[in-house]
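Undergrad: Curious how this folds, go ahead:
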Amino acid sequence: MGQQTEGPDLLPLGDLDPIIHAPARLAILTYLYVVESVDYVFLMRQTGLTWGNLSSHLAKLEEAGYVAVEKEFQGKKPHSMVHLTDRGREAFREYRRSMQQVLNDLPD
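TA: Residues are numbered from 1 along each chain as shown. Sure, this is the predicted structure:
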């Protein structure tokens with residue numbers, strides 16, 4: 001028989017933002033939450049994601065309005081900076097509150 005995926009015990013998990021809940025996106029937002037902005041290379045090093053994976057996850061976060069990517073050139077080299085938007089900051093705070101509630105509700 002399969003695992004139970006619904007029911008009263010798992011209901012609070014339904015309140016967690018699925019865009020943020022993916023481990024790679026959660027890692028990205030965690031770093032962005034504590035800085036003003038960072039470049040792709042910094043995020044790659046901190047998260048351990050490949051260039052392609054990082055770009056894919058940032059695209060999803062940008063589509064949700066949680067991050068903004070600013071592309072420019074430094075000399076002849078492309079340089080992309082990423083920062084958390086106000087919407088992304090509030091979504092991350094709400095995710096954190098929801099996750100804390102889920103954890104606090106667990107029996108000892």
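Undergrad: what bits of this structure have low per-residue confidence?
TA: Within the chain, the ranges that satisfy pLDDT under 70 run 1-14.
Undergrad: show me where it has strands.
TA: Remark: strands assigned in the chain by DSSP state E are 38-39, 67-74, 77-84.
Undergrad: In the sheet, which strands lie alongside the shortest one, parallel or antiparallel?
TA: Which is strand 38-39. Neighbouring strands of strand 38-39 in its sheet, by DSSP bridges, are strand 77-84 (antiparallel).
Undergrad: buried set for the partner strand?
TA: Buried positions in strand 77-84, judged by neighbour count with 16 or more other CB atoms under 10 Å: 82, 84. Bear in mind the C-beta positions are built from the backbone N, C-alpha and C, glycine included.
Undergrad: And stretch 87-104, by the same measure?
TA: In stretch 87-104, counting by 16+ other CB under 10 Å, buried: 88, 91, 92, 95, 98, 99.
Undergrad: likewise stretch 36-53?
TA: For stretch 36-53, by 16+ other CB under 10 Å, it's 38, 40, 43, 47, 49.
Undergrad: Let's have those in JSON lines, adding distance to residue 17.
TA: Formatted as JSON lines, the buried residues of stretch 36-53 follow (distance: CB to CB, whole Å):
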{"residue": "38", "distance to residue 17": "21"}
{"residue": "40", "distance to residue 17": "23"}
{"residue": "43", "distance to residue 17": "20"}
{"residue": "47", "distance to residue 17": "18"}
{"residue": "49", "distance to residue 17": "19"}
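Undergrad: Next step: those restricted to helices.
TA: In this view, the buried residues of stretch 36-53 that belong to helices under DSSP state H are 40, 43, 47.
Undergrad: Please report how far the second one lies from residue 59.
TA: With the distance defined as CB to CB, to the nearest Å, residue 43 ends up 13 Å from residue 59.
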